[in-house]
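J.: Give me coordinates for this.
(3 chains)
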Amino acid sequence: MRVALFVTCVNDAVFPSTGVATVRLLERLGVEVDFPAAQTCCGQPQFNTGYREEAVPLVRRTVRAFEGYDHVVVPSGSCAAMVRHHYGSFGAEVPGAAGLAPRVHELTEFLVDVLGVTDVGACFPHRVTYHPSCHGLRLLGLGERPRRLLESVKGLELVELPGAEECCGFGGTFAVKNPDVSAAMGADKIGNALATGAEVLCGADNSCLLHLGGMLSRQGAPLRALHLAEILASTEEEPWR
Amino acid sequence: MTDSRARVLARIRAAVADAPEPPAAARDYRTSHTAEDPAALLDLLHENLADYRAHVHRTAPDGLAGLIARLLAERGARTVVVPPGLPADWLAAAEAVRRTDEPRLTPYELDGVDAVVTGCAVAVAETGTLVLDGGPGQGRRALTLVPDLHLCVVRAPEQVVASVPLALPRLDPARPLTWISGPSATSDIELDRVEGVHGPRTLEVVLVTGR
Amino acid sequence: MSGDERTTPPGPGPAFVGMPAFPEAARKAVGDATLRANLRHATHTIRDKRARAVAELDDWAALREAGKRIKDETLRHLDTYLLRLEEAVTAAGGTVHWAADAAEANRIVTELVKATGESEVVKVKSMATQEIGLNEHLEAEGIAAYETDLAELIVQLGRDRPSHILVPAIHRNRGEIRDIFREEMGSWGRPAPEGLADSPAELAEAARLHLREKFLRAKVGISGANFMVAETGTLVVVESEGNGRMCLTLPETLISVVGIEKVVPTWRDLEVFLQTLPRSSTAERMNPYTSMWTGTTDDDGPRSFHLVLLDNGRTTALADEVGRQALRCIRCSACLNVCPVYERAGGHAYGSVYPGPIGAILIPQLRGTASGVDASLPYASSLCGACYEVCPVAIDIPEVLVHLRGKVAGQGGHRPERAAVKASAWVLDHPGVLAAGERLASRTRALHPRRAPGPGIRRWTESRDLPEMPAEPFRDWWRKNRT
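T.: Purely as a prediction, here's the structure:
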C-alpha cells in the first residue's frame, strides 16, 4: 500500500523526529510512504483564529499536494480534524476540498482501521501515561485506538492519567491570547501526569506536547513529553532515544 | 407596545427570510425506558421517590385511614388542610384538627397549619414524580406549598405511568400543574444537594394498591 | 430613594460597565486560590453527577437531536409560534406585552407594578430579568425587588454579581455564605439565627426563615420561564427550592419576563426538554418542583398575569446563520460546569450575566463586540469541544466561537494581527521560503534562548520554555534519506 505522509508544519519545523518515526513505523508495517514536498500547513491556525480568508491558499495548497493519494496519514489529531470537519466549508473557494476529507487518516486511525493492526511490534520498556488531545478525542472520536496500540507495546506499562479528557490548555492561539488560563490548565494537566509516576507523557498531537513539554522543561520535571509515533516506532533492535 | 410587537415580528421575519427549512423533528427517542409491568413500575416509583428523600409507604385501601393517621401523629401534625373533594374516609382515623379551604385560607393562615393531605393526578415512575392538577382531593397550589408536611396518596396502578412522555398526554395544560419530585431541595451551596428549603420539608407518599 | 431608605442591598455598581477584557479579568481569578478551590470543587462535583444522570437514559442522543430540531424548527417560524402563544395566553386570561429592548421591558414591568400600588416584589430566579437589569431599575423607581432563589439571595445580600447561570453564587463557599447571612440578613428582614453554622442545611434553613415573611406578604411576583408552549399558552418554570412556587402562586399579580426564544410549539415538545434539562443542569432525574400555568385560573394563584416577551438582541442573533443556534439554549449550564476555562477564570471574567461557553457566544451576539470584554469573549476558549459534547440541544459552541472570531478579526483593532497572519500564511504558501526559514532556525539553534522577548513569544515563555530547535527540518531529512 502506498500512502502520503502529511507531516504537518509543526512537526516539519519543530518535531521532525515524529515525522521520521512515522515513516519508520509505516515502512516497518510494509507501507510505501511518499512525502509530497508541496505540503505545508493545513490552515487550522488561521481558520481557528478567525482568519478564514487567509486559510484559503493553504487549504488549496494542501488539497493539491495530496491529489491522487487514496490514503493520507497525519500524525496529528487536530490537523486531521481540520481537514475532516472544516475543509468541506471551503468547497466554494477550493474545488476538491471536501474530497480530501475522507482520505485523511490520523495515524492511529490508519493503523487500527485501515491496516487493522494494534500490535505494531514495538518495544518501549517505560512507564507511560497518555493524554488524549481534545480534537482527537472529541472531533475525530479516536476512542480506544491509541490506548489499544500502547497496550500492545512490549515492555510498556500504561498508567491511567487522572482527568485525561480535560483540555491541556494549549488551544492554538489561546495559549498566547489567554496565557494565564492556559498555563493554569497546563499546570493541572502536568500535576496529574506527575502523580501517575510515569516517565513519559505520551500524546498524539505535538502542538499540545509543545505546550506541556515547555512547561515540564521550565519546571525541570522528571517527565518528558513524547509523541505516540515515536513510541510505536521503537523496537527491541532499534530503541527510540 | 403595539409598535414593538410589529417591530419584533418584522425583525424575526427579516432574520429568517433566507433560512432553510430545518429537518422535521425526529422523535426516535423512547416513549418509556421501563418494561410495562405494573409491579415493577410501582417498585421503580417507590425507589426513585425514596432516592430523592421522600418517605414512601404502601398499603391496601382498608389500611389507608390508619396509615395516614399514624403518619400525621408521628410527625406531630396537629392541624391538617383538607382540600375540597378529598375522600372523607382518608382522614377518618386522624386526630389532627381539619382546616378546610372554604373560605380561602390566607397565606398566613396556611403558614399556621402543620400538614396537608392530598391525592394526585398522575405519578411518574422513572423520575419519581407526583403531578398535581388541582383536581378533587388536591386543592389549589398553595395548599401543598406552605404547610411543612405534605402527605400525598397515589392509587396504583391506575395513576402510575412509566415516563414523562406517558405522563403529559394524561394532563390538561389548561389546569395549573405542579410536578413534585421529593421535598424541596437546593444545590446552591457548592453544588451539593440538600433537602428542605421553601416548600414542604417532609414529603410522605402513600402508594395504595389493590381494591 | 436615599441610602437610608433602601429596602434591598445596593448592587455592586453599574452592571458590568468598564469590565476589563477577558484575559485580564481571568488573570486575577487564576491568582485567587479560594475562588479556584470553590469553582473546582463545585464544577467537578456536578460534572460527575451529570454524567451518571445522563448515562441512565440510553436514548440520550435521540433526545438531544430531538431537542435541537424542535428548537431549530421553532426559530425558523418564530413569528408564527409567538403569535400562537399570544393568542393562547390571551384566551386564558393573561396579557401579553412585547419589549424590543431592555429599557422597554423595564418600563413595562415598572408600570405594571406601580399599577398594583405595591412597592415591593418577590422574584423567581430569572436570567432574562438579570440581563435587563430589572432589579436596579425597580430600585431606582422606588420598588424593592427581593431575590428568593438561595443563590440569588446570596449574591444580592453580598452586593455581588452572579457568576453562573444555574448557581449564581458558585464562587462562594459555605463559610463565605454564612458570613454574608450573619452580616446582612438583619438589615433587610429577619436576621440570621443566632450561632448560624456553615452547613448547607443550616444555611438553607436560614434562607427559609428570612424569606418566608416576604413570601407571605407578597402581592406581586416576577419570574422568567424555562418554556412557553405556543399551542396551549402554558408557561413552565423548573426549580428546586419552592421559592418559585411561592412567587408563582401566592401573589395576586404575576409578571413573567421571557426571551422570545423560549417558546416551543407543542405541549408534547415538553416530553423532550423535561427529560434533558434536569439531568443536564442539576444532574437529577427530575428537579423537585416544576410549575405549569396557563393564563389565570379562578381560585388558584394570581388573579392577574402579564407576559412580557423580550427581544433585546435576540433577533440580531437570529439573523446570523451560524450564530442563531445559540438561541436553542435552555440555560442548563452543563457547558459551564464542564468548561476548563470557566473552571479557572470564574464567571465574573466574562463580564455578563451569561458566563461560560454559552455566554461567550451569546453575549457578543446580543450586545455586539464594540467593548473590550465583549470582543475578547470569542477567544475565551481553547476550542476543546467539551461544551458541545454535553449540550442537550447540540449547540456547536466551538463552531460559533470561530465564526465570531472571524467577525471580531474584521474589526479595526485586529489590523496588526491580520497583517501578521497574512505574512505567515504567505510564507506557508511558499515552501521554498518556509524551508529556508526552517533551516535558518535550525542552524542558529544554539543561539535561541528558552525564554524570549517579543509580545507573543513573551506570553508563551512566561510559563513555558520554547522547544529546542531540531538539527534539520523533516523535509531535509526526507530529501537526504528517502530521495
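
J.: Report the distance from the host helix or strand of residue C:364 to the chain centre.
T.: Per DSSP states H and E, residue C:364 falls inside helix C:356-366. Offset of helix C:356-366 from its chain centre (CA atoms, centre = their mean, to the nearest Å): 8 Å.

J.: Any part of it near chain B?
T.: No: judged by CB under 8 Å from any CB of the partner chain, helix C:356-366 stays clear of chain B, getting no closer than 11.6 Å. Any C-beta I mention is one placed from the backbone N, CA and C, and that applies to glycine too.

J.: any idea of the mean pLDDT for that helix?
T.: In this model, helix C:356-366 has a mean pLDDT of 97.

J.: And stretch B:166-185, by the same measure?
T.: pLDDT averaged over stretch B:166-185 gives 97.

J.: Surely residue B:58 touches residue B:43?
T.: No: checked against CB atoms under 8 Å, the pair residue B:58 and residue B:43 is beyond contact range at 10.2 Å.

J.: Break chain C down into its domains, please.
T.: Per automatic domain parsing, the structural domains of chain C span C:3-310, C:430-482.

J.: helix or strand right after the helix or strand bottoming out on mean pLDDT in chain B?
T.: Within chain B, no helix or strand scores below strand B:194-195, which has a mean of 86 by mean pLDDT, DSSP states H and E. Next along the chain after strand B:194-195, taking DSSP H and E as the criterion, comes strand B:202-208.

J.: Remind me what that next one packs against, helices and strands.
T.: Contact partners of strand B:202-208 among helices and strands, from 3 or more CB pairs under 8 Å, 6 or more residues apart in numbering or on different chains; DSSP states H and E: helix B:38-51, strand B:55-59, helix B:64-74, strand B:149-155.

J.: Compare these and give me the one nearest residue B:120.
T.: strand B:149-155 (5.6 Å; CB to CB).

J.: Please compute how far whichever helix or strand comes after the closest one lies from its chain's middle.
T.: Per DSSP H and E, the first helix or strand lying C-terminal to strand B:149-155 is strand B:160-161. From the chain centre to the centre of strand B:160-161 is a distance of 13 Å (CA atoms, centre = their mean).

J.: Partner strands of strand B:160-161, with direction?
T.: Under the criterion DSSP bridges, strand B:160-161 sits next to strand B:122-124 (parallel) in its sheet.

J.: Report the next helix or strand after the partner strand in sequence order.
T.: strand B:129-132.

J.: In chain A, which residue sits closest to chain B?
T.: residue A:89 (15.7 Å; CB to the nearest CB).

J.: dump the residue contacts of the residue sitting nearest the centre point of chain A.
T.: Nearest to the mean C-alpha position of chain A, by CA atoms, centre = their mean, lies residue A:76 at 2.4 Å. By CB atoms under 8 Å, 6 or more residues apart in numbering or on different chains, the contact set of residue A:76 is A:8, A:10-11, A:106, A:204-207.

J.: Quickly note the distance from it to residue A:144.
T.: Distance, residue A:76 to residue A:144, by CB to CB, to the nearest Å: 19 Å.

J.: In chain C, what residue lies closest to chain B?
T.: Chain C approaches chain B most closely through residue C:242 (2.8 Å), counting by CB to the nearest CB.

J.: okay, now residue 64: neighbour count?
T.: Since no chain was named, I'll use chain A. When neighbours are counted by other CB atoms under 10 Å in any protein chain shown, residue A:64 registers 15.

J.: that's the wrong chain, I wanted chain C
T.: Neighbour count for residue C:64, taken as other CB under 10 Å: 20.

J.: residue contacts, it?
T.: Applying CB under 8 Å, 6+ apart, we find residue C:64 in contact with C:276, C:391-394.

J.: Mind checking which of those residues land in helices?
T.: Among the contacts of residue C:64, the members falling in helices (DSSP state H) are residue C:276.

J.: Narrow the contacts of residue C:64 to those that are buried.
T.: C:276, C:391-394 (16 or more other CB atoms under 10 Å in any protein chain shown).

J.: mind putting those residues in JSON lines, pLDDT included?
T.: Shown next, in JSON lines, are these (pLDDT from 0 to 100):
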{"residue": "C:276", "pLDDT": "98"}
{"residue": "C:391", "pLDDT": "98"}
{"residue": "C:392", "pLDDT": "98"}
{"residue": "C:393", "pLDDT": "98"}
{"residue": "C:394", "pLDDT": "98"}
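
J.: With distance to residue A:227 as extra columns, can I get those residues in a markdown table?
T.: Output for these, formatted as a markdown table (distance: CB to CB, whole Å):
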| residue | distance to residue A:227 |
| --- | --- |
| C:276 | 39 |
| C:391 | 31 |
| C:392 | 36 |
| C:393 | 37 |
| C:394 | 32 |
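
J.: on that earlier part again, the more surrounded of residue B:58 and residue B:43?
T.: The residue with more neighbours, out of residue B:58 and residue B:43, is residue B:58; 16 against 13, by other CB under 10 Å.

J.: Who are the contact partners of that one?
T.: Applying CB under 8 Å, 6+ apart to residue B:58 gives the contacts B:46, B:206-209.

J.: If we use 10 Å, what do you get?
T.: Residues in contact with residue B:58, defined by CB atoms under 10 Å, 6 or more residues apart in numbering or on different chains, are B:42, B:46, B:67, B:154, B:156, B:205-210.

J.: again, but for residue C:172
T.: With contact taken as CB under 10 Å, 6+ apart, residue C:172 is in contact with B:188-190, C:34-35, C:38, C:42, C:151, C:154-155, C:158, C:160, C:163, C:178-180.

J.: quick check, nearest of the residues you listed to residue C:247?
T.: Comparing these against residue C:247 with CB to CB picks out residue C:151 as the nearest, at 15.2 Å.

J.: The host helix or strand of that closest one - what's its average pLDDT?
T.: For residue C:151, the element it lies in under DSSP H and E is helix C:150-157. Confidence for helix C:150-157, expressed as mean pLDDT, is 94.

J.: Which elements pack onto that helix?
T.: Secondary-structure packing of helix C:150-157 (3 or more CB pairs under 10 Å, 6 or more residues apart in numbering or on different chains; DSSP states H and E): strand C:120-123, strand C:144-147, helix C:174-188, helix C:200-217, helix C:243-249.
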